[in-house]
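A.B. asks: sequence? don't have it. structure:
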């Protein structure tokens, strides 16, 4: 009849050809029944913009208990991955036998004859924790579907979009708090497969986990620095950088990563990044004034009050000396030579009084300086 077909008939022919092809080339799957204490998986998801900076989500889960850990991260570099592994294992309460992820360069640096070549540093990390690290087949999300599902649910609840109407995060601390609340919520409610809260199954799975090392693996975190006992600042390569006030007089780890200074604190719950700055030079400190607390009884901090007291006492001493010097340099003493000794005595009295005032200021402020 002269009819050559249309776009609809082409689609139908292609669909029939696909059905025939899949019948003989379909990928076959079998159910995976995880054993307790054997596997944990992790993956990454896109996070929101915080203060104009790109972030990511570290999403991990323990396969048997379905216990999930979601951590906010600023990058996917090797030190950050090591810190996330340590925090995740400490939340698990032990070390499973295997850890599975995709083929990021932090885990697998190359593939030779379809065999993954592990990052040497990650091999040392696995040996330190007693963890065997494995990677899935490249470009194959089906081989680690549990972590993929964790990424989807975490992104839906944590990343602000036009659909969920979540507000933007004002700071990275607020972003981290939201991730902690998400973990508490999903681990406390019954899972759709096991019909049991993951936190309850985790208590059973911990009996099969290996013990954790007392200290985290810190070789990749940089060098140690002591935070000041009064001001929460550290010095690194000549520059001064502030940290949150909660870490006064504690030890932190500092490293330069590309064009940023990264500061990490290692506590009982693992390693956490607490500050990140652009590099600076001596004389130009990097301070976050919002993290520097003041005294509750006034508007000035103790060290600022102490500095004001010293400044006023020194100024008073200088004024007393300059007044006597001005009188002696003027022509007044030439017309009254008999008053010269009296003026000298007055100058000594002023200096003595200024000295007593300075000692008094030190005694009154010595307890807070």
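C.D. replies: Sure, I can see it. In this text, all values refer to a predicted model and were calculated from it rather than measured experimentally. Residues are numbered from 1 along each chain as shown.

A.B. asks: the bottom helix or strand of the chain by mean pLDDT?
C.D. replies: The least trusted helix or strand in the chain, going by mean pLDDT, DSSP states H and E, turns out to be helix 302-329, with a mean of 39.

A.B. asks: Going along the chain, name the helices of this structure.
C.D. replies: Remark: helices assigned in the chain by DSSP state H are 7-25, 78-92, 120-129, 145-158, 172-188, 198-205, 302-329, 332-335, 340-365.

A.B. asks: which one of those helices has the lowest average pLDDT?
C.D. replies: Ranked by mean pLDDT, the helices of the chain end with helix 302-329 in last place, scoring a mean of 39.

A.B. asks: Could you break the protein into its assigned domains?
C.D. replies: Taking automatic domain parsing as the criterion, the chain consists of the domains 39-208, 223-291, 298-326+344-369.

A.B. asks: out of the ones you listed, which comes closest to residue 32?
C.D. replies: Counting by Cβ to Cβ, residue 32 lies closest to domain 39-208 out of these; the figure is 8.2 Å. (C-beta placed from N, C-alpha, C; glycine too.)

A.B. asks: Okay, now the closest one: how far is its last residue from its first?
C.D. replies: This stretch, domain 39-208, spans 11 Å end to end (Cα to Cα, to the nearest Å).

A.B. asks: ditto for stretch 239-255
C.D. replies: Counting by Cα to Cα, you get 13 Å between the two ends of stretch 239-255.

A.B. asks: Then stretch 263-280?
C.D. replies: 14 Å.

A.B. asks: Tell me the buried residues in the strand ranked longest in the chain?
C.D. replies: Taking DSSP state E as the criterion, the chain has its longest strand at strand 39-50. Going by neighbour count (16 or more other Cβ atoms under 10 Å), the buried part of strand 39-50 is 39, 40, 41, 42, 43, 44, 45, 47, 48, 50.

A.B. asks: could you say what helices and strands it packs with?
C.D. replies: Contacts defined by 3 or more Cβ pairs under 8 Å, 6 or more residues apart in numbering; DSSP states H and E place strand 39-50 against strand 53-62, helix 78-92, strand 98-101, helix 145-158, helix 172-188.

A.B. asks: hmm, 7 Å instead?
C.D. replies: Strand 39-50 is packed against strand 53-62, strand 98-101, helix 145-158, with contacts defined by 3 or more Cβ pairs under 7 Å, 6 or more residues apart in numbering; DSSP states H and E.

A.B. asks: what's the angle from that strand to helix 78-92?
C.D. replies: Strand 39-50 runs at 120 degrees relative to helix 78-92, counting by axes from the mean of the first three to the mean of the last three Cα atoms, to 10 degrees.

A.B. asks: Walk me through which strands strand 39-50 pairs with, and which way each runs.
C.D. replies: Here strand 39-50 is paired, per DSSP bridges, with strand 53-62 (antiparallel), strand 98-101 (parallel).

A.B. asks: closest to residue 162 out of these?
C.D. replies: Proximity to residue 162 (Cβ to Cβ) singles out strand 53-62 among the strands paired with strand 39-50, at 18.7 Å.

A.B. asks: Go through that closest one and flag the buried ones.
C.D. replies: 55, 56, 57, 58, 59, 60, 61, 62.

A.B. asks: Give me the residues contacting it.
C.D. replies: Contact partners of strand 53-62, identified using Cβ atoms under 7 Å, 6 or more residues apart in numbering, comprise 40-48, 67-74, 76, 84, 88, 92, 96, 146-147, 150-151, 154-155, 158, 175, 202, 205.

A.B. asks: same deal with stretch 172-188?
C.D. replies: Outside stretch 172-188, the residues that reach it (Cβ under 7 Å, 6+ apart) are 50, 55, 67-72, 154, 157-158, 169, 197-199.

A.B. asks: So which of these is the closest to residue 267?
C.D. replies: Residue 267 lies nearest to residue 71 out of those, by Cβ to Cβ, at 14.4 Å.

A.B. asks: What is the burial count for residue 285?
C.D. replies: 15 (other Cβ atoms under 10 Å).

A.B. asks: Now do the same contact list for residue 157.
C.D. replies: Applying Cβ under 7 Å, 6+ apart, the residues near residue 157 are residue 182.

A.B. asks: Now with 8 Å, please.
C.D. replies: Counting by Cβ atoms under 8 Å, 6 or more residues apart in numbering, residue 157 touches 164, 182.

A.B. asks: what about the spatially closest residue to residue 152 that is not a sequence neighbour, distance to residue 80?
C.D. replies: In space, residue 152 comes closest to residue 45 once its chain neighbours are excluded; the distance is 7.8 Å by Cβ to Cβ, 6 or more residues apart in numbering. Using Cβ to Cβ, to the nearest Å, we find residue 45 at a distance of 15 Å from residue 80.

A.B. asks: Repeat that for residue 118.
C.D. replies: In terms of Cβ to Cβ, residue 118 sits 18 Å off from residue 80.

A.B. asks: got it, and residue 58?
C.D. replies: From residue 58 to residue 80 the distance is 8 Å (Cβ to Cβ).

A.B. asks: can you list residues touching both of those two?
C.D. replies: Shared contacts of residue 58 and residue 80 (Cβ under 8 Å, 6+ apart): residue 73.

A.B. asks: Filter the contacts of strand 53-62 down to the buried ones.
C.D. replies: Judged by 16+ other Cβ under 10 Å, buried ones among those: 40-45, 47-48, 67-74, 84, 88, 92, 96, 146-147, 150-151, 154-155, 158, 175, 202, 205.
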